[in-house]
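Trainee: no sequence on this one, just coordinates:
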């Protein structure tokens, strides 16, 4: 169901169904609308007896039944919230167990009119039977990343609320060097607004002075140098990460993540996929897709695959603790550039 329908329901102030599923990568938006929805559905009295919360994928199903079946206490309705229940993932290894999924496949179809359920999920699988039922008969809302233009406009608007201005080019730069999502940009914007003090405008120079680029961006720069056979520059970029006290395992994980995304972007692009298809299939933020599409064209699949194999070997060495971890990463860069 589209976000616009949830907005309309919230504006009208009248629930249109009893079960709500909120999910998607954009945590900031999801948190915002979760709060709004909770405020709308919260029992008007005796909250401590009519409001229930269950977290993660293991909880007492008998307690859930009791919460659903018992009548509201001096209130018109009851609200039950589930955080990351994982019942919308049909794989028992990565999601809820078969017992929980079986319970909900039946229970979800039998919710009293005076009971509201909110599922606030980190991940779902749209192939699951429970998702299909909620999506068709109740309300499911996906909070995906904003498009690049939407993110730039939102960032400019955010600075306006902080009584500052930023131009579109610098807003785009801030978005690109910050971790994915609105929450990360908001944190950096608030720091920048305080940093510039009485200055009305936030500039590229202010961003460079205050904002530390995300590890993914630093890894991208290092990979650029690595595949360009510029070992010295690659080692300088790696040393910058060491100075920031970044863990060797996290650095290697980020290298593997970026190389894998480059490989898959290249494969999809060569098959004729457009920007939106690549974004959807690889779960890449819209404002990062262009970077992957641009950079993957600079490398061959053989180069990227060889680097990924060396990363896998280094990962094995890191786990064996046979050598200093930082030294292992330095060797990875040197050997990969040979």
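Mentor: Cool, got the structure. No experiment lies behind these values; they were computed from the predicted model shown.
Trainee: residue 233 and residue 241, how far apart?
Mentor: 13 Å (C-beta to C-beta, to the nearest Å). C-betas here are computed from N, CA, C, even on glycine.
Trainee: between these two, which has more neighbouring residues?
Mentor: Using other C-beta atoms under 10 Å as the criterion, residue 233 and residue 241 rank with residue 241 on top: 20 against 16.
Trainee: beta-bridge partners for residue 117, please?
Mentor: residue 19, residue 80 (DSSP bridges).
Trainee: residues near it, how many?
Mentor: 25.
Trainee: could you do residue 295 as well?
Mentor: So residue 295, with other C-beta under 10 Å, has 18 neighbours.
Trainee: find the nearest non-adjacent residue to it, please.
Mentor: Nearest non-adjacent residue to residue 295, counting by C-beta to C-beta, 6 or more residues apart in numbering: residue 262, 6.4 Å away.
Trainee: list the contacts of the helix or strand where the one you found lies.
Mentor: Using DSSP states H and E, residue 262 falls within helix 248-270. By C-beta atoms under 8 Å, 6 or more residues apart in numbering, the surrounding residues in contact with helix 248-270 are 215-216, 219-220, 222-223, 238, 241, 277-278, 281-282, 284, 289, 292-293, 295-297, 299, 301, 304-305, 307-308, 311-312, 314-315, 318, 325-326, 328-329, 332.
Trainee: following element in sequence after it, please.
Mentor: Using DSSP H and E, the first helix or strand after helix 248-270 is helix 275-282.
Trainee: got the angle for the helix or strand following that following helix vs helix 275-282?
Mentor: The helix or strand immediately downstream of helix 275-282 is helix 286-296, counting by DSSP H and E. With axes from the mean of the first three to the mean of the last three C-alpha atoms, to 10 degrees defining the directions, helix 286-296 sits at 100 degrees from helix 275-282.
Trainee: give me the angle between helix 286-296 and helix 248-270.
Mentor: 80 degrees.
Trainee: now helix 286-296: buried residues?
Mentor: Counting neighbours by 16 or more other C-beta atoms under 10 Å, one finds that the buried residues in helix 286-296 are 286, 287, 288, 289, 291, 292, 293, 295, 296.
Trainee: chain neighbours aside, what residue packs nearest to the fourth one?
Mentor: Beyond its immediate neighbours in the sequence, the residue positioned closest to residue 289 (C-beta to C-beta, 6+ apart) is residue 279, lying 4.8 Å away.
Trainee: how about the third one?
Mentor: Beyond its immediate neighbours in the sequence, the residue positioned closest to residue 288 (C-beta to C-beta, 6+ apart) is residue 180, lying 6.7 Å away.
Trainee: neighbours of that neighbour, how many?
Mentor: Count around residue 180 with other C-beta under 10 Å applied: 21.
Trainee: what separates it from residue 104, distance-wise?
Mentor: 30 Å.
Trainee: the strands in the stretch 51-200 of the chain, which residues?
Mentor: 51-55, 78-83, 115-120, 139-142 (DSSP state E, counting those that start in this stretch).
Trainee: what does the shortest one rub up against?
Mentor: When you say that, I think you mean strand 139-142. Here strand 139-142 makes contact (C-beta under 8 Å, 6+ apart) with 1-3, 5-6, 9, 16-17, 19-24, 33, 131, 134.
Trainee: now find how far off-centre that strand is within its chain.
Mentor: Mean-position distance between strand 139-142 and its chain equals 16 Å (C-alpha atoms, centre = their mean, to the nearest Å).
Trainee: ok, that strand: who's next to it in the sheet?
Mentor: Applying DSSP bridges, one finds strand 139-142 paired with strand 19-23 (parallel).
Trainee: show me what the mean pLDDT comes to for the strand it pairs with.
Mentor: Strand 19-23 shows a mean pLDDT of 97.
Trainee: got the angle for it vs strand 78-83?
Mentor: Using the same axes, to 10 degrees: strand 19-23 against strand 78-83 is 30 degrees.
Trainee: quick one, domains of the protein?
Mentor: Here the domain parsing of the chain from automatic domain parsing is 3-142, 148-210, 215-336.
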